[in-house]
Every structure is written in structure tokens, then in C-alpha cells.
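> got a sequence here, can you build the structure:
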Amino acid sequence: MKSRIAIPVAIAGAYLATAVLAENVVHKASFFFNGQEVNIVQSDRLDTTLLTSLYALPSGCTALCLAAPTAASGVQTAFEPEIVDFMTNEVANGNGLIIDARLPQDRLTGLIPTSVNIPAKLISDENELLPDILVALGGSFQNGVLNFDNAMPLIVYDSGPTTDDASTFITALIQQGYPADALRYYRGGMLVWATLGLTTEGTSS
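This next block holds a predicted model:
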């Protein structure tokens, strides 16, 4: 039986076999965010404790717990080099956001720098604060109708390839009228980000 350390590494490795390897592109990126310098670097050592804490199969899986390769029609799947580029340009300049669709307690194990937490379950008509969230993301009400002409570009992630919080968030946002071409889906999530040794926050890394 594979150890709990070997399993997440194996899953991340399988994912990377079909992706652009960030370690060949990303070495260091520095930028300012909210007045603080942010450095994205790539460690040459895997934090196996972090990887083990990040890996968990969702409850209720009746088959393989694997997220779909795409989140929705018209939504691009993002990989690590373009996420770092997005950070250093759109996010640093206040023109885009990286959304963590996990629950707040999941961020205690680690998070991608500059990310903002909006759990997927909040993008629901049952949430009375939904209009405020949509306006914060660039929507506006015109004659009582939501308009997304100024929707912010978003990259959405979750725990990784075994979960679907990010795709659920994206699908729900599109149903509210958000333009698909303003959204990107980071399927690799925290698990692959950490497996590549990229900087995380909220941990000792």
C-alpha cells in the first residue's frame, strides 16, 4: 500500500505529465501587493508534511476522485507559469484576483500568496451577501440588472485535482452572468503548487 506521502506526490506527478512544468520556467518572481513585497520562489526540497496535510479525498466518492480537466465551456485551464505572471501583473496592479474556493479552515494548511478566500458555497442565490460579492468582483447593477462589462479577470483554485470546489465556483459564477472568458481554472490547486515547491503562505514554507 502506498504511503500517504507517496500518494499525493504520485497524483501531482501524473497531473504534471500533461502540463507545462513550472520548474522549467518559474525560478523567482518579485512584486508588491498591498504595499508588501511578495517573492515567489521554488524550493529544491519537498515539504512532505505539507503535502500530506493537503492530500485528502472528498467524502462520498463512489469512483475515482478526480476533477474534470476543464471547469466549463470557454474557461481556460491555467498552469503555474501563467499564474505567477498573473500575480505580477494583474493582481499586483489591482486588475485581477486569485480566488481560493476552499473553506476558510482549509487555508490553515497553506495558501497561494495574494489569494482571496471566497468559498464556492457562497456563490448561491440563497446567500444574501451574493450581490455584494458580485459587485466586489466587478459587477454592477443597472436598472436592477447585473452587468459584468467590468468583470475582473479571475484565476480560481482549490485543494487540487481530487476536489471540485474551484469548478463549482466557476460554474455558479457563470450562471450568475459572469463572462467565461474572464475566468481561468487552476486544476492543480494547492497540492500541485506545493509539490512544485512554490512559495506558500500560512505554513513554515
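> what residue, apart from its backbone neighbours, is nearest the residue nearest to the spatial centre of the chain spatially?
Closest to where the C-alpha atoms of the chain average out (C-alpha atoms, centre = their mean) is residue 157, at 1.8 Å. In this structure, residue 157 finds its nearest non-sequential neighbour in residue 186, 3.9 Å apart by C-beta to C-beta, 6 or more residues apart in numbering. Quick note: C-beta positions are derived from backbone N, CA and C, even for glycine.
> and the next helix or strand past the helix or strand bottoming out on mean pLDDT in the chain?
Across the helices and strands of the chain, mean confidence by mean pLDDT, DSSP states H and E is lowest for helix 6-16: a mean of 48. Counting by DSSP states H and E, the next helix or strand C-terminal to helix 6-16 is strand 28-33.
> average model confidence for that next one?
Here strand 28-33 scores 86 as its mean pLDDT.
> where does the protein have low pLDDT?
Where the chain drops to pLDDT under 70, the residues are 1-27, 203-205.
> give me the outermost residue of it relative to its centroid.
Computed with C-alpha atoms, centre = their mean, the residue of the chain farthest from its C-alpha average is residue 143, at 33.1 Å.
> residue 137 versus that one, what's the distance?
20 Å (C-beta to C-beta, to the nearest Å).
> try residue 49
Distance of residue 49 to residue 137, given as C-beta to C-beta: 34 Å.
> compare those two (neighbour count), which wins?
Shown here are residue 49 and residue 137; by other C-beta atoms under 10 Å, residue 137 has more neighbours (21 against 13).
> quick one, what contacts the more buried one?
Applying C-beta atoms under 8 Å, 6 or more residues apart in numbering, we find residue 137 in contact with 97, 151-152, 154, 173, 178.
> contacting residues for the closest residue to residue 164 other than its chain neighbours?
Nearest residue to residue 164, sequence neighbours excluded (C-beta to C-beta, 6+ apart): residue 67, at 5.1 Å. Contact analysis of residue 67 by C-beta under 8 Å, 6+ apart lists 160-164, 166-167, 187.
> out of these, which one sits closest to residue 74?
Lowest distance from residue 74 to those (C-beta to C-beta) belongs to residue 167, with 13.3 Å.
> after whichever helix or strand that closest one is part of, which helix or strand is next?
Following DSSP H and E, the helix or strand that holds residue 167 is helix 165-175. Heading C-terminal from helix 165-175, the first helix or strand you meet, by DSSP H and E, is strand 183-186.
> helices or strands up against the next helix or strand after that next one?
Where DSSP H and E defines the elements, the next helix or strand beyond strand 183-186 is helix 189-195. With contacts taken as 3 or more C-beta pairs under 8 Å, 6 or more residues apart in numbering; DSSP states H and E, helix 189-195 sits against helix 6-16, helix 48-54, strand 154-157.
> for helix 189-195, the distance to its chain's centre please.
Relative to its chain's centre, helix 189-195 lies at 10 Å (C-alpha atoms, centre = their mean, to the nearest Å).
> how about the nearest residue to residue 135, chain neighbours excluded?
Residue nearest to residue 135 in three dimensions, not counting chain neighbours: residue 141, with 7.5 Å by C-beta to C-beta, 6+ apart.
> what's the neighbour count on that neighbour?
11.
> what about it, distance to residue 175?
Note on residue 141: its distance to residue 175, by C-beta to C-beta, is 17 Å.
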